[in-house]
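# Requesting a structural model of the entry that follows:
(chains A and B, ligands or ions: 4)
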Amino acid sequence: MSNAPAEQLPEEEIDLAAANEIIDKYLTLPGNLMPVLQGIQDEYGYVPKPTIDLVAERLNVYPSQIYGVLTFYAQFHLKPRGRFIIRVCVGTACHVSGAPRIVETFFEKVGIGHAETTPDLRFTFEKVACLGACGMAPLAMVNDDTFGKMTVQKVDDIIAEYSQRPM
Amino acid sequence: MVNLTIDDKQVTVPKNTTIFDAAKAAGIRIPILCHDKKLNPFGGCRMCLVEVEQMKGRQIPACTTPVTEGMIVRTMTDEIAKARKLVLELLLLKHPVDCPVCDAAGDCDLQNLTYEYQVNSNRFTDEKFHHAIDYDNPLIERDMNRCIHCGKCARICDEIVSFGAYTFISRGIEAKMGTQFDGPLNCEFCGSCVSVCPVGALLARPFKFKARWWAMDKVKSVCSYCGTGCQLTLGVKDNKVLTTIYDENQGFHNGQLCTRGRFAYQFVNSDKRLTTPLMKKNGALVEVTWDEALNAVQQRLASAKTAGDVAGLVTPRLTNEELFVFKKLFKDGLGSENYDHSAGYAHSALSKGAVESIGVAASSAVIADIQKTGLLLVVKSDAYETHPVVGFEINLGVKRKDVDLRIISDKKGKLTKLPGAKTYLNIPGTETLLVNALAKTLVDENLVDAAAASITGFEEWKKSLDGAAPEQVAGICGLTADEIKTLARDYVKAEKALLLLPLGLGYPGHTKELAQALFNLSFAAGKHGKEGCGVLLLAEKNNSQGAVDLGLYPVAGGKDAAAIIDGCAAGSIKTLYVAGENLVVSYPNRKKVEAALDKVDFLIVQDLFLSETAALADVVLPACSFAEKEGTFTSAGKAVQKVNRAIKPVGQAKSDFEIFNTLYVNLSGKPAVADPKAAFAEITASVPAYAGLTYETLGDAGVVVVPAMTPKFAVAPGAAPTAEVGKMALVTGSALYHCGTMSLYGEGPMHVCPAGYVEIGREDAKRLTVQDDDLVTVTSAAGAVKLKVKVGSRMPEGVVFAPYHFADQSVNSIASGESVTWVTISK
Ligand code: SF4
Ligand code: SF4
Ligand code: SF4
Ligand code: FES
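Ligands and ions are numbered 1, 2, ... in the order given. Just a heads-up that it's a prediction; the model follows:
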């Protein structure tokens, strides 16, 4: 998820060679739609529209069906994702210990809402159900880094820190 | 068989029957929302809950649960009523309940069940959906706020239509029925999804706010477009056909229609309809009375009768009864055998090919054989475009009955994408060579059926195949010898195998010889005269088969369509009576047709519209559409079906039956044919296959007639068209949304496919540096037309396709009736 290419191309200029290779690999296997889509997401960081058309044509499945699968599973993304994925837990434990305030503060400071990405592709923000570390509530993560006992002040620190990191 | 008890009734049903179907067979109704008899079981809505005693009274869905021996089922208890009420309450929680402005009201399962279960309050409250409504689509309005997530639209579009437009987007409470990328609907517009939607989430936009469902008369009829012969129900109010109504119990197709049957009925009440007779005076057509027009026609015909210079061209869209009187008018009234239909060649596969091969002008199979066969070999993927609901049968055969689908075609198409379909892309115009090479393989590999040798003409036919071996023709056909041999072996080895060929004005290459080559192949392989076997020739129009059955083509020395045109040009035909044919647009070589018509002294045209041909006439007689008359049509699958009068004639229009009859009486001095019913009685007495039929036996369902056949091998040589260097091969045919030229007056088709185009493969488009919607000039030896480009993956390199229906820049301006037209394309 964090291996998004450093530079995002506009959609129509996506190089389909990699997607074709992934499809080649699974072409004859039964039940190949999921691994192909996962492969494409790993490669491009998301599932670009032209690859959906390509998969539809080469695997002979309806594009609508692929779209259904992609929107059913939360793991798939249809838009380019940010270099840094900020995730804030809004599970029960985090909720009661103030997660809504943390979420609000991120919205305000980064200027994007849930499941959105900044235009410079630096940040993507997501509310998530439970990150499984209720003892550290309220909890936030940026890519694989974890931040427990979140406060409004810490939000500023996190943003400052990751705004400086190289893309 | 399984025995069980439903509501104290003893029921015996076959194994694997569901409780729902068992109850239905016993006359017990279980309410459903997500179930549909045509679709695979789904079990999503829980409306059909029943109690099974053996399951300790647990409630289970009747639509997905198979019966078991001794099962005791209750379909209605207080508990069940409560559960169903709960299902409804939950659905109504999100549903907008805007019935007063919903076109589905009265025909809505949710509304009807809410009424039946008296859900007059709701214990729950929740916010409604806030989905944007798609008002933009000209044919299908989608309001997902009304959707109850039954999934029927997505399932029918996948399982039967094989288009796959819909999917559930997201999941849980956010789930919504939608399209790819949640974008606009861009599909075949068959309307199947609208038909099965149990609520008003999917609506026919052309019918929007036209009438309340209960205020319409529902009249059963038959589609008047293609030869599939789908039955339909017309929704009629104030002498107008306002919509087609879905009835899942109609026809072999269970009420399924294609875009033409579903959305192209508007030609009936089109304001372009001719409403009075017209006569040419001082060079212009002016309105006249019927008396004046008929007098002029009659006088002219009387003198033409004496001079012997009259001919007639009639459309196979008319009823059998009308065609019957037309023929009487010509034979008995005018003493002429010069009559034909469909440019002659569009029926020659039947009228000449089948007649010589099986002794009768008909297919040796019926539509029902498609789902019963083991291997289906379709010649030309176009069969889907020409006969879309036959296409649905193929989809179902392949997906549900494991029919092994093989396609010989000059282009790819919808059918070639079906699961497991094997496509053999051949060079256009080489189909007969190819079919003969298949037969030759059987001969060379000793695979010929033992009984074939005793069929007349066997030895001569076998000898005629010298030089037709796969090795000798493979290159010419664009395939390898191995491909041809494999196909031949697979065909002969299949226990049952069916051959299918569409016919029509767009397919001049589908000749007598091609049909005969197919019949020969079926005899040689022992695939004749058995269930799931034979040759299915799909005649183009709603009553093409009827026209052939009634002999509406010259037999005893009369002139056929081509000779009639030549005769007009040469001055030997001076009076031409055209009923419903628009030859200027649809017959080969427009220039030649126009020049010929120009030479005719007196041109009578009887039509619904002032067609390009009618505009040239001396007298124009306004005729009635299928909705204004009664009679019968015979489908390509040989179903004789009844058409009922739904509205009174538009304006002063008269039925073709009435017009022909009047002229017949006055010119022959014989008594009139009393009415269509009397005409049908005479037909059944003269057409052997129809013997014994009556209007009563036809009923609503119609009758599939099975004529007696006598197989005979006919020598049917093929020849490859001579390619012209540096030119592309243009093949003509039908577009999915159109049938003939009549669909140009249907709103649906004209929204989706308003004008002609030329379809070009990606590689060729690149080479020609053209893209979608570019205007190009397509030039042949006969002329040039300007068409918009459609780039796609269907066409092989060097081959382009253009549909024939359109009057403007019509393809017959460049095509002259050859299987392939050699063209250049320039910007
Ligand atoms: S109109 Fe036909 S093709 Fe289009 S979505 Fe509905 S069922 Fe599918
Ligand atoms: S749109 Fe109609 S058919 Fe489709 S899921 Fe919703 S209610 Fe069912
Ligand atoms: S046009 Fe043909 S396939 Fe379509 S509904 Fe009419 S008869 Fe059926
Ligand atoms: S009708 Fe049986 S579950 Fe919907």
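
# OK, contacts around the residue lying closest to residue B:435 once chain neighbours are set aside?
The shortest distance from residue B:435 to any non-neighbouring residue, by CB to CB, 6 or more residues apart in numbering or on different chains, is to residue B:517 (4.0 Å). C-beta: built from backbone N, CA, C; applies to glycine. By CB atoms under 8 Å, 6 or more residues apart in numbering or on different chains, residue B:517 lies in contact with B:432, B:435, B:436, B:439, B:716, B:718.

# Surely residue B:517 is within a strand?
No. Remark: residue B:517 does not belong to a strand; assigned using DSSP: H, G, I helix; E, B strand; the rest coil, it is helix.

# Which strands border the helix or strand where residue B:732 lies, and is each parallel or antiparallel?
Assigned by DSSP states H and E, residue B:732 belongs to strand B:728-733. Strand B:728-733 has its sheet partners listed here by DSSP bridges as strand B:799-803 (parallel), strand B:821-826 (antiparallel).

# Return the most buried member of those.
strand B:799-803 (a mean of 25; mean count of other CB atoms under 10 Å in any protein chain shown).

# hmm, back to that, point out the ones among the contacts of residue B:517 that are inside helices.
B:432, B:435, B:436, B:439 (DSSP state H).

# and stretch B:634-650, anywhere near ligand 3?
No. Stretch B:634-650 does not reach ligand 3 (CB under 6 Å from any ligand atom); its nearest approach is 7.6 Å.

# so how far is the first residue of that stretch from its last?
Taking CA to CA, to the nearest Å, the first and last residues of stretch B:634-650 lie 25 Å apart.

# What are the buried residues along that stretch?
For stretch B:634-650, the buried set under the neighbour-count rule, 16 or more other CB atoms under 10 Å in any protein chain shown, comprises B:634-643, B:645-647, B:649-650.

# And the pLDDT at residue A:166?
If you check residue A:166, the pLDDT there is 87.

# Now it, what are its backbone angles?
As for residue A:166, its main-chain torsions (degrees, to the nearest 10) stand at phi -70, psi 150.

# what do you get for residue B:524?
According to degrees, to the nearest 10, residue B:524 has phi -60, psi -30.

# swap in residue B:196?
phi -90, psi -10.

# Listing partners with orientation, what would you give for the top strand by length along chain B?
Longest strand in chain B, counting residues (DSSP state E): strand B:784-792. Taking DSSP bridges as the criterion, strand B:784-792 pairs within the sheet with strand B:757-761 (parallel), strand B:775-779 (antiparallel).

# Quick one, which of these gets closest to ligand 3.
Among those, strand B:757-761 comes nearest to ligand 3, with 20.2 Å by CB to the nearest ligand atom.

# Following element in sequence after the closest one, please.
In N-to-C order, the element after strand B:757-761 by DSSP H and E is helix B:762-768.

# Spell out whether that next one and chain A are in contact.
No. With CB under 8 Å from any CB of the partner chain as the criterion, chain A is not reached by helix B:762-768; the gap is at least 11.8 Å.

# What are the buried residues along that helix?
For helix B:762-768, by 16+ other CB under 10 Å, it's B:764, B:765, B:768.

# which among those residues gets closest to residue B:19?
residue B:765 (55.3 Å; CB to CB).

# which residue does chain B bring closest to ligand 3?
Closest point on chain B to ligand 3, by CB to the nearest ligand atom, is residue B:261, at 2.3 Å.

# And the strands in chain A?
A:84-89, A:116-117, A:123-128, A:140-142, A:145-147.

# residues in contact with residue B:153?
Neighbours of residue B:153 in contact, by CB under 8 Å, 6+ apart: B:166, B:177, B:193, B:196, B:197, B:202.

# and residue A:140, how many neighbours?
Other residues near residue A:140 come to 25 when the count uses other CB atoms under 10 Å in any protein chain shown.

# What pLDDT does the model give it?
pLDDT at residue A:140 comes out at 91.

# Then residue B:766?
So residue B:766 comes in at 95 (pLDDT).

# Assumed the residue of chain B closest to ligand 3 was part of a helix.
Yes. Counting by three-state DSSP, residue B:261 is part of a helix.

# Now do the domain split for the chain, please.
Went with chain A since none was named. Annotated domains of chain A cover A:17-72, A:84-164 [automatic domain parsing].

# that's the wrong chain, I meant chain B
Split by automatic domain parsing, chain B gives B:2-76, B:100-114+B:121-267, B:278-342+B:546-704, B:346-377+B:433-540, B:728-826.

# CSV please, covering those and showing distance to ligand 2.
Formatted as CSV, the domains of chain B follow (distance: least, CB to the nearest ligand atom, whole Å):
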stretch, distance to ligand 2
domain B:2-76, 7
domain B:100-114+B:121-267, 3
domain B:278-342+B:546-704, 27
domain B:346-377+B:433-540, 25
domain B:728-826, 20
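
# most tightly surrounded among the ones you listed?
Taking mean count of other CB under 10 Å, domain B:346-377+B:433-540 is the most buried of the domains of chain B, at a mean of 22.

# No more questions from me, cheers.
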